[in-house]
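Q: Show me how the following folds:
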Amino acid sequence: MYIFIATNVKMPIFSLMHKTLSLLVVFFSLNGIGQDHVETEIIPSTYFDISIIEVFPDSFPQVTVMFQARDEWDQPLWLLDTSDLYVKENGIKCPAIAVRNISENQPINVGLVFDHSASMVDNPDQMEEGVESYQSLYFDDKLPDGYVMSIDYAKEAVLQFFSHDNVQTDSMFFIGFSKTVDKIPSLTNDLSSFKSTVEATKPSGNTAFYDALYAAIDSLIAHDSQPVVIALTDGQDNASIHTKKEVCEHAKENDVPIYIIGLGDVREGNLEDICYYTNGLYYHTYNPSQLGEIYFNIKKQIRSIYELDYQSSLDFSERPERNVRFYFTNDSLTFSNNTERFELPEEVIVRIEERHAKIKAEKEQIIADQKFEKNLLYGTIAGVAILGIAGFVVYRRRRKRTQIVLENVFPNPFSDEVKITFISEAPKLELWVTNSTGVLVKKESLSGKSSPVSINLSSLDAGTYLFTLNGAALVSNTVKVVKN
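A: Here you go, the predicted model:
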């Protein structure tokens, strides 16, 4: 008699010194009570999945890529740094400037979408064999003693998710649905109010799953912190007005990842499609007692999102379409699903063209000045003396041009107030503050020649922002700043 056992050993990546290992083969033969031998083979796992969430080329030639990396068991990779990764843009290698985990200690807003349709009464593990449903027993108040409904396991899992290891500024809301979507409460980090909403939820009706997802996205995008939807359903949608396509497009347009837990007999293809399209993950179980473990795993996933900054190696005149591909510096490890295509925004292209034109004009001016000075050498000594001085003055005037340089923003990260230093000859300036999605969230008027300047930005939510100075039809360089 031969028994085959396959198991996994999982290890975190730390500068890729530790590889994920698979204990592939363990077998032995039993002959009576004797044991012949045990053979074990341990080999490194080389394939990892990467999900590129978004590319931010607004500060080109510096480009920022938001991504999430997982091993073959969908466990997040931790402690990645610049020594582990590089990217290629249109096939040209671009070293990583910075890699940072942006979600580990950053506030998030979570919409917990919860199926409380009548089918959540049923728990196959505790139902008598051959009985399809206990729903009628529930509504007649005749459930057997000790019977635990699937919805009760789900409620316990949701409450554990809310209370376990949250960042203090995290906020959540609980949105239940059956044949319609329940009223969405306000975001909260208060356990007592959240618990009362969860415990009041009872099973009833059909399944308006897509409508609940769409409503959750709508509510989350009204706030500034990173939004995430985590949804539980045990059936097929049979009551929604919205479609799967509308949900996917709405989530994608607003950068809202959707994580879905399918419980029991669900149409898994539809649920997997939503998660894949929105950069979330799909989980499935027939056992409601496993829901707590699944919710805990999702919490680890949403805390493992990275940003990578790299410097583009492509010439300014290259086409605006770019393909970004991730690589490990250790060439025995490989990313799958590691490619993203993006286009430079029109305003960036305009800035690049203007910069390219300036560089060209400066080169032409230098050539013209050198030619002019060379011609002076063939004049008389008096001519050289007189025209040489004039030539120097003209050269200096031609080279002199108004510019704005944003030198420094400190402290970075900051809490409420920042100081900026700059160089400018413009009489008036405005500081423009945009968020990571490119939305202008703050304008502050400045005196053009007074530096440094202190600015109070306590009204901004925690997150990543881009600072730019504008004045006299000129725009400064961009500085990325983080608010705690």
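Q: show me where pLDDT drops low in the stretch 251-400 of the chain?
A: 315-320, 331-332, 334-360, 362-363, 369-400 (pLDDT under 70).
Q: hey, where'd the helices end up in it?
A: Using DSSP state H, counting those that start in this stretch, the helices found in the stretch 251-400 of the chain span residues 268-277, 291-302, 346-376, 381-399.
Q: now the helix or strand where Ile423 lies: how far from the chain's centre is it?
A: Element membership for Ile423 (DSSP states H and E) is strand 417-424. Remark: strand 417-424 is offset 29 Å from the chain centroid, using Cα atoms, centre = their mean, to the nearest Å.
Q: what's the angle between the helix or strand that comes right after it and strand 417-424?
A: Downstream of strand 417-424, the first helix or strand assigned by DSSP H and E is strand 428-435. Between strand 428-435 and strand 417-424, the angle comes out at 130 degrees (axes from the mean of the first three to the mean of the last three Cα atoms, to 10 degrees).
Q: Beyond strand 428-435, next helix or strand please.
A: Sequence-wise, the next helix or strand downstream of strand 428-435 (DSSP H and E) is strand 440-447.
Q: re the thing from before, convert the strand holding Ile423 to PDB, keeping the C-alpha atoms and dropping everything else.
A: Taking Å, rounded to 0.1, in the frame of the first residue of the first chain, the C-alpha atoms of strand 417-424 are listed here in PDB:
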ATOM      1  CA  GLU A 417       2.500  71.800   8.300                       C
ATOM      2  CA  VAL A 418       5.200  71.700   5.600                       C
ATOM      3  CA  LYS A 419       7.900  74.200   4.600                       C
ATOM      4  CA  ILE A 420       8.900  74.600   1.000                       C
ATOM      5  CA  THR A 421      12.000  76.300  -0.500                       C
ATOM      6  CA  PHE A 422      12.100  77.400  -4.100                       C
ATOM      7  CA  ILE A 423      13.800  79.600  -6.700                       C
ATOM      8  CA  SER A 424      11.600  81.900  -8.700                       C
END
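Q: So which other helices or strands are in contact with that strand?
A: Applying 3 or more Cβ pairs under 8 Å, 6 or more residues apart in numbering; DSSP states H and E, we find strand 417-424 packed against strand 404-410, strand 453-456, strand 463-471. Heads up, the C-betas are built off the backbone N, CA and C, glycines and all.
Q: how about those, which one is nearest Ile302?
A: Smallest distance to Ile302 across these (Cβ to Cβ): 15.6 Å, for strand 463-471.
Q: Show residues contacting the closest one.
A: For strand 463-471, contacts defined as Cβ atoms under 8 Å, 6 or more residues apart in numbering pick out 58-59, 102, 106, 224-225, 307, 404, 406, 409, 420, 422, 424, 426-436, 441, 446, 448, 475-483.
Q: mind running it again at 6 Å?
A: Residues outside strand 463-471 that contact it (Cβ atoms under 6 Å, 6 or more residues apart in numbering) are 404, 406, 409, 422, 426, 428-430, 432-436, 476, 478-482.
Q: So what are the sheet partners of it and their directions?
A: Strand pairing for strand 463-471, determined by DSSP bridges: strand 428-435 (antiparallel), strand 474-475 (antiparallel), strand 479-483 (antiparallel).
Q: buried set for the longest one?
A: Neighbour-count burial for strand 428-435 flags Leu429, Leu431, Trp432, Val433, Thr434, Asn435 (criterion: 16 or more other Cβ atoms under 10 Å).
Q: Closest one to Tyr259 out of these, please.
A: Nearest to Tyr259 among the buried residues of strand 428-435, counting by Cβ to Cβ, is Asn435 at 23.6 Å.
Q: returning to that earlier point: now distance to Thr201 too, for the helices and strands packed on strand 417-424, in CSV please.
A: Output for these, formatted as CSV (distance: least, Cβ to Cβ, whole Å):
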stretch, distance to Thr201
strand 404-410, 47
strand 453-456, 43
strand 463-471, 32
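Q: Nearest to Phe173, out of the ones you listed?
A: Using Cβ to Cβ, the nearest of the helices and strands packed on strand 417-424 to Phe173 is strand 463-471, at 19.7 Å.
Q: Using CSV, list the CA coordinates for the closest one.
A: Output of strand 463-471 as CSV, limited to C-alpha atoms (Å, rounded to 0.1, in the frame of the first residue of the first chain):
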residue,chain,number,x,y,z
GLY,A,463,-1.9,59.9,1.6
THR,A,464,0.5,60.6,-1.2
TYR,A,465,0.4,64.1,-2.9
LEU,A,466,2.2,65.9,-5.7
PHE,A,467,3.4,69.5,-5.2
THR,A,468,3.9,71.8,-8.1
LEU,A,469,4.5,75.6,-8.3
ASN,A,470,2.8,77.6,-11.0
GLY,A,471,3.4,81.2,-12.0
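Q: That strand vs strand 404-410, what angle?
A: 150 degrees.
Q: angle of strand 463-471 against strand 440-447?
A: Following the same axes, to 10 degrees, one obtains 40 degrees for the angle between strand 463-471 and strand 440-447.
Q: Return the distance of strand 463-471 from the chain's centre.
A: Strand 463-471 sits 20 Å away from the centroid of its parent chain (Cα atoms, centre = their mean).
Q: Can you tell me how far Leu466 is from His284?
A: Distance from Leu466 to His284, counting by Cβ to Cβ, to the nearest Å: 40 Å.
Q: in the stretch 101-250 of the chain, which spans are helices?
A: For the stretch 101-250 of the chain, the helices defined by DSSP H, counting those that start in this stretch cover 135-139, 150-163, 191-199, 209-220, 244-253.
Q: any idea which of the ones you listed is most buried?
A: Stretch with highest mean neighbour count among the helices of the stretch 101-250 of the chain: helix 209-220 (a mean of 24; mean count of other Cβ atoms under 10 Å).
Q: would CSV of the strands paired with strand 463-471 with distance to Ile230 be doable?
A: Listed next are the strands paired with strand 463-471 as CSV, based on distance: least, Cβ to Cβ, whole Å:
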stretch, distance to Ile230
strand 428-435, 24
strand 474-475, 40
strand 479-483, 26
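Q: so the closest residue in space to Asp255 that isn't next to it in sequence is in which element?
A: Spatial nearest neighbour of Asp255, chain neighbours left out: Glu54 (6.0 Å); criterion: Cβ to Cβ, 6 or more residues apart in numbering. Using DSSP H and E, Glu54 maps to strand 47-56.
Q: mind listing what's buried in that strand?
A: Phe48, Ile50, Ser51, Ile52, Ile53, Val55, Phe56.
Q: relative orientation of it and helix 268-277 in degrees?
A: 60 degrees.
Q: Starting from strand 47-56, tell me the next helix or strand along the chain.
A: Beyond strand 47-56 on the C-terminal side, the first helix or strand identified by DSSP H and E is strand 62-70.
Q: domain parsing for this protein?
A: For the chain, automatic domain parsing gives the domain ranges 2-104+306-343, 108-303, 346-399, 404-483.
Q: what's the closest of the helices and strands packed on strand 417-424 to Glu72?
A: strand 463-471 (30.6 Å).
Q: returning to what we had before: pick out whichever of the buried residues of strand 428-435 sits closest to Asp255.
A: Checking the buried residues of strand 428-435 one by one against Asp255 (Cβ to Cβ), the nearest turns out to be Asn435, at 11.4 Å.
Q: Can you list the neighbours in contact with stretch 243-261?
A: Stretch 243-261 has contacts (Cβ under 6 Å, 6+ apart) with 210, 213-214, 217, 221, 227-232, 270-271, 274-275, 277-283, 294, 298.
Q: Give the buried subset of the residues you listed as a PyMOL selection command.
A: Written as a PyMOL command, the selection of buried residues from those, which uses 16+ other Cβ under 10 Å, is:
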select buried, resi 210+213+214+217+221+227+228+229+230+231+232+271+274+275+277+278+279+280+281+282+283+294+298
